[in-house]
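Asks: fold the stuff below for me.
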Amino acid sequence: QVQLVESGGGLVQAGGSLRLSCRASGSIFGINAMGWYRQAPGRERELVAIITNDDSTNYADSVKGRFTISRDNTKNTVFLQMNSLKPEDTAVYYCQFRTWYTGNYWGQGTQVTVSS
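Replies: Okay, the predicted model is just below:
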């Protein structure tokens with residue numbers, strides 16, 4: 001069974017940086033995009049960043065210029081480098097792999113807390 005395993009969350013002061021990683025355990029075929037979402041308490045889950053097979057990227061306006069998504073296809077891993085973190089970035093961050101044939105896969109979530 002495929003699982004997405006996330007790491008890299010934690011507590012950081014405003015202005016600091018964190019790097020999230022998400023690796024697939026097991027084989028996933030036909031991945032067409034990898035992305036990161038986040039959900040803050042009392043709010044809907046929102047897309048933070050996504051990277052497609054042709055390396056096109058898209059970011060939420062709130063993180064543009066501060067966050068960078070990247071991937072390592074050989075290891076089925078996606079990263080999210082988060083710089084200049086703000087308290088409003090505090091949320092549970094989830095990775096997602098989208099596939100052509102078997103639907104979408106989600107990570108279990110990792111907490112990111114930014115203190116002011």
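
Asks: and residue 102, what is it in contact with?
Replies: 28-30 (Cβ atoms under 8 Å, 6 or more residues apart in numbering). Quick note: C-beta positions are derived from backbone N, CA and C, even for glycine.

Asks: neighbours of residue 63, just the number please.
Replies: A count of nearby residues for residue 63, using other Cβ atoms under 10 Å, gives 21.

Asks: tell me the one of the contacts of residue 102 nearest residue 81?
Replies: residue 28 (22.7 Å; Cβ to Cβ).

Asks: quick check, pLDDT for the closest one.
Replies: On pLDDT, residue 28 comes in at 87.

Asks: surely it forms part of a helix?
Replies: No - under DSSP: H, G, I helix; E, B strand; the rest coil, residue 28 sits outside any helix and is assigned coil.

Asks: wait, it touches residue 103, no?
Replies: No - applying Cβ atoms under 8 Å as the test, residue 28 and residue 103 come out as separate, 10.5 Å apart.

Asks: okay, the residue nearest the centre of the chain: pLDDT?
Replies: Closest to where the C-alpha atoms of the chain average out (Cα atoms, centre = their mean) is residue 36, at 2.7 Å. pLDDT recorded at residue 36 is 98.

Asks: which strands and helices lie in contact with the helix or strand it falls within?
Replies: Using DSSP states H and E, residue 36 maps to strand 31-39. Here strand 31-39 touches strand 18-25, strand 46-52, strand 67-72, strand 77-82, strand 91-99, going by 3 or more Cβ pairs under 8 Å, 6 or more residues apart in numbering; DSSP states H and E.
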